[in-house]
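Novice: please find the sequence and the predicted model below.
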Amino acid sequence: MNRALKFTLLGILGVVALLVIGAVLVPVLFRDQIVERLQRELNQELDATVSFADVDVSLLSTFPTLTAEVVELSVTGKGDFEGVTLVAAESVAAGLDLVTLVFDREVVVEAVSVEQPEVRIVILESGRANYDIVRDEPSSAEEGEGELALELERYDISGGSVTYEEPSVYIEVEGLDHEGKAKLAGSIHTLVSETTVDA
């Protein structure tokens, strides 16, 4: 084998090995920083307190899909809704197709799975609702940018419960299972879903 070719192949193998090792080690070595940064960013963007026990990020075993799982997620209100938990879930997992995002500017979420979520919606006499937690800020998107399409190939909710409260109204749903798929492209939105409840 030509000596130059041999060194070239060894160099390529070395780069590939570094990329593989990086894909394995980055989520492990920087897990605490990822969890802290994600939690801080969510708490800055939302008018609520967001907490979770752990975040698991994986790329190597599912390439080219980036998978992430948030464990023991909790979103609790502030102010009038202090101590009222809007959402609590055992786990929330999602898989994102990186190749489609980079080359086609389309967000293709291959799957989203929510395990045992508990949702509590509370509306006060004033009309304020505890789910109105997104801070109002002007959009930073520049005009002229192409529209970003979003496709959700599959999503499911299992073992969920929903409580709805407002003056003189109380509704409770138990044993909620929901699955479906969705696609948003410009003004066209497509949603197909199926829901069952125990009570």
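Specialist: Sure thing, it's come through.

Novice: show me where this protein has strands.
Specialist: Using DSSP state E, the strands of the chain run over residues 48-51, 54-58, 65-77, 85-97, 106-115, 118-122, 149-166, 169-185, 188-196.

Novice: for those, give me JSON lines that also has mean neighbour count, distance to residue 39 and mean pLDDT.
Specialist: No exception for glycine: its C-beta is placed from N, CA and C like everyone else's. Shown next, in JSON lines, are the strands of the chain (neighbours: other C-beta atoms under 10 Å; distance: least, C-beta to C-beta, whole Å; pLDDT from 0 to 100):
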{"stretch": "strand 48-51", "mean neighbour count": "19", "distance to residue 39": "6", "mean pLDDT": "89"}
{"stretch": "strand 54-58", "mean neighbour count": "16", "distance to residue 39": "9", "mean pLDDT": "77"}
{"stretch": "strand 65-77", "mean neighbour count": "18", "distance to residue 39": "10", "mean pLDDT": "86"}
{"stretch": "strand 85-97", "mean neighbour count": "18", "distance to residue 39": "14", "mean pLDDT": "89"}
{"stretch": "strand 106-115", "mean neighbour count": "17", "distance to residue 39": "18", "mean pLDDT": "82"}
{"stretch": "strand 118-122", "mean neighbour count": "18", "distance to residue 39": "20", "mean pLDDT": "95"}
{"stretch": "strand 149-166", "mean neighbour count": "16", "distance to residue 39": "23", "mean pLDDT": "90"}
{"stretch": "strand 169-185", "mean neighbour count": "14", "distance to residue 39": "27", "mean pLDDT": "92"}
{"stretch": "strand 188-196", "mean neighbour count": "10", "distance to residue 39": "30", "mean pLDDT": "90"}
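
Novice: select, out of those strands, the one closest to residue 42.
Specialist: strand 48-51 (4.2 Å; C-beta to C-beta).

Novice: so what strands line up beside that closest one?
Specialist: When pairs are called by DSSP bridges, strand 48-51 turns out to pair with strand 65-77 (antiparallel).

Novice: contacts for the partner strand?
Specialist: 46, 48-59, 83-98, 110, 130, 133 (C-beta atoms under 8 Å, 6 or more residues apart in numbering).

Novice: which residues touch residue 121?
Specialist: Per C-beta under 8 Å, 6+ apart, neighbours of residue 121: 86, 129-131, 162-165.
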